[in-house]
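Asker: kindly return the folded structure for what I paste below:
(one chain, ligands or ions: 1)
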Amino acid sequence: MQKILEELEKRRARARLGGGEKRIAAQHAKGKLTARERIDLLLDEGSFEEFDIFVEHRAHDFGMADQRIPGDGVVTGWGTIGGRTVFVFSKDFTVFGGSLSGAHAQKIVKVQRQAMKVGAPLIGLFDAGGARIQEGVESLAGYADIFLENTLASGVIPQISVIMGPCAGGDVYSPAITDFIFMVRDTSYMYVTGPDVVKAVTGETVTHEDLGGASIHCVKSGVADGAFDNDLEALSQVRRLIEFLPASNREKAPARKSFDEPDREEPSLDTLVPLDNDRPYDIKELILKVVDEADFFEISAEYAKNIVCGFGRMDGETAGFVANQPMALAGVLDMDASRKAARFVRFCDAFNIPIVTFVDVPGFMPGTRQEYGGLIKHGAKLLYAYAEATVPKVTLITRKAYGGAYDVMSSKHLRGDINYAWPTAEIAVMGAKGAVEIIFRADAADPEKLKAREAEYRDRFANPFVAASLGYIDDVILPHETRRRIARALKSLKSKELTNPWKKHGNIPL
Ligand code: HXC
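Answerer: Numbers count the residues shown, from 1 in each chain. Purely as a prediction, here's the structure:
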């Protein structure tokens, strides 16, 4: 028996060594942790149960018959975060560059299916060079198997991808289907084709970072949802995110005891909105002062900064927050902001997370860049997302709610459940100046007359009372009582029941 145990331990030790000491040292020298070190940091201490440690690839060509490393470049299994089950796979760059063989793919598919059966989140840690070049079509088939499982799991279990090294070729599309992608600054990059292929096909010379680093995907393309400075920070932030989320669409997000009184007043909010309605203010101040213990997990903080999305808790329960940000482009809705928020709203709706919306929006962004880029379709995504969402929806208009953007931002008309406004709210087709220039074009030569008209328009529409008199706003509330009113609103909506008409699925304007 002793001999059998020794043999088992020997085999395990061999597998744990992955591509060997030299490659592990090279990994560390790049500032990256190994696949197993990452799992240890991600999961609760000692909670990891590994599957398939002895799986090997089945390839023979190109000398592969002599190169078999147990585990085959990916570590898979399950463990806990804060005591709650999660499934995980972590690509091992030290083994054939983390590349994907048929056997490697089957290991990932196994945890994907297990996560679905159990109803638990799936977290993928990426550090890989794409399809195993020596394997050919078996590798391509493996990718498709993974993509299929990702797609079937979408909206059923939360899926999170963390890019911690190269993520090239076939590796990019699994993360792209998942709910959130995070990247590590300077050591990770994602692209469909690398700089060499780009050079050959288009003649462009570009670095890995400029093609697909965190500075691109978390800022410009919006492909990824957040960047962190190193592996450790990325993994601890994923742990934090998981604590906001339900295990699956069959459950509610876990409640966490809050020591922050739900009726806490915040007098400083009474002066948050400047008297001059063109002056910006930081909407994040409102979010941080409203949520429990100022604990807010922001999604895509560096991308489309004109809209803020993220998770917080109200009286211990998770809520998704969407807020126009007057500090960036005056909080206007453009293509990027619409897409970012639409995806976030749909995530919340899929996973039973109530949505709180703070509105200060001057409208949709004008211009050829926007129109040529499909602003109509992108804006419609957000409209569609809010309209179809059946989770509790609480809205507060702090200042501007102009034009179509008023409708879009979780208005009563899109089944907003409780819609509040601060006394500083202005709900109108557009700002007074623009409105007067159009409807009193004949007075254009007379600035005094225009000014008077502008004042008249402002008096009539630049307030929340017209909308309130029509029942589109349920109440005009005082800023300092915002936390209490929203917490109570959410509490009253806990047992909300609403279903959409039966359909196979809608046809969101993609
Ligand atoms: C097999 C691979 C590999 C791959 C890397 N390796 N990528 N082995 N298949 N795809 C191996 C290397 O041979 C090397 O082995 C080790 O991993 C580390 O690779 P290096 O090149 O030394 O590392 P580095 O300089 O850091 O460069 C990393 C890299 C580069 C940028 C990812 O390795 C690279 O360009 N790889 C190929 C990427 C690629 O074109 N993949 C195929 C995409 S096509 P040793 O033994 O020396 O340690 C694709 C299609 C799928 O994925 C489509 C499905 C939809």
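Asker: contacting residues around the residue in the stretch 251-400 of the chain positioned nearest to the ligand?
Answerer: Going by Cβ to the nearest ligand atom, the ligand is nearest to residue 343 of the stretch 251-400 of the chain, at 22.0 Å. (Glycine included, C-beta is placed from N, CA and C.) Counting by Cβ atoms under 8 Å, 6 or more residues apart in numbering, residue 343 touches residue 385.
Asker: for the stretch 351-500 of the chain, just list every one of the helices.
Answerer: Remark: helices assigned in the stretch 351-500 of the chain by DSSP state H, counting those that start in this stretch are 368-372, 375-388, 403-408, 432-439, 447-461, 465-469, 482-492.
Asker: helices and strands around the last one, which ones?
Answerer: Meaning helix 482-492. If you count contacts as 3 or more Cβ pairs under 8 Å, 6 or more residues apart in numbering; DSSP states H and E, helix 482-492 packs onto helix 283-290, strand 307-314, strand 393-402, strand 418-421.
Asker: around the ligand, pick out the residues from this structure.
Answerer: Contact residues (Cβ under 6 Å from any ligand atom) of the chain with the ligand: 23, 96-97, 99, 129-133, 140, 143, 166, 168-170, 173, 194.
Asker: in strands only, show me the residues you listed.
Answerer: When DSSP state E defines the strands, the subset of the residues of the chain next to the ligand inside them is 166, 168.
Asker: out of the residues of the chain next to the ligand, which are buried?
Answerer: Neighbour-count burial within these applies to 23, 96-97, 99, 129-132, 140, 143, 166, 168-170, 194; the criterion is 16 or more other Cβ atoms under 10 Å.
Asker: go ahead and confirm residue 118 touches residue 85.
Answerer: Yes. With contact defined as Cβ atoms under 8 Å, residue 118 and residue 85 form a contacting pair (6.5 Å).
Asker: what about the closest residue to the ligand within the stretch 401-510 of the chain, how many residues nearby?
Answerer: Ranked by Cβ to the nearest ligand atom, the top residue of the stretch 401-510 of the chain for proximity to the ligand is residue 510, at 19.5 Å. A count of nearby residues for residue 510, using other Cβ atoms under 10 Å, gives 8.
Asker: quick one: pLDDT of it?
Answerer: pLDDT recorded at residue 510 is 95.
Asker: kindly report the same for residue 364.
Answerer: Value for residue 364, per-residue pLDDT: 95.
Asker: partners of it in the sheet?
Answerer: Note on residue 364: beta-bridge partners by DSSP bridges are residue 333.
Asker: likewise for residue 81?
Answerer: Beta-bridge partners for residue 81, by DSSP bridges, are residue 84.
Asker: give me the number of residues near it?
Answerer: So residue 81, with other Cβ under 10 Å, has 21 neighbours.
Asker: so who does the closest residue to residue 496 other than its chain neighbours touch?
Answerer: Of all residues not flanking residue 496 in the chain, residue 392 sits nearest, at 5.1 Å (Cβ to Cβ, 6 or more residues apart in numbering). With contact taken as Cβ under 8 Å, 6+ apart, residue 392 is in contact with 354, 355, 417, 489, 490, 493, 494, 496.
Asker: let's see 7 Å
Answerer: 354, 417, 490, 493, 496 (Cβ atoms under 7 Å, 6 or more residues apart in numbering).
Asker: for the stretch 201-350 of the chain, which spans come out with low pLDDT?
Answerer: The model of the stretch 201-350 of the chain has no residue with pLDDT under 70.
Asker: of all of it, which residue lies closest to the ligand?
Answerer: Residue nearest to the ligand within the stretch 201-350 of the chain (Cβ to the nearest ligand atom): residue 208, separated by 7.1 Å.
Asker: measure that residue to residue 116 for me?
Answerer: Distance, residue 208 to residue 116, by Cβ to Cβ, to the nearest Å: 34 Å.
Asker: over to residue 26?
Answerer: With Cβ to Cβ as the criterion, residue 26 and residue 116 are 36 Å apart.
Asker: again with residue 203
Answerer: Computed as Cβ to Cβ, the residue 203 to residue 116 distance reads 44 Å.
Asker: now swap in residue 472 and tell me
Answerer: 41 Å.
Asker: now swap in residue 359 and tell me
Answerer: 37 Å.
Asker: looking at the two, which is more packed in?
Answerer: Between residue 359 and residue 116, counting by other Cβ under 10 Å, residue 359 is the more crowded of the two (28 against 17).
Asker: ok, now which ones touch that one?
Answerer: 324, 395, 396, 397, 398, 401, 409.
Asker: perfect, I'm done here.
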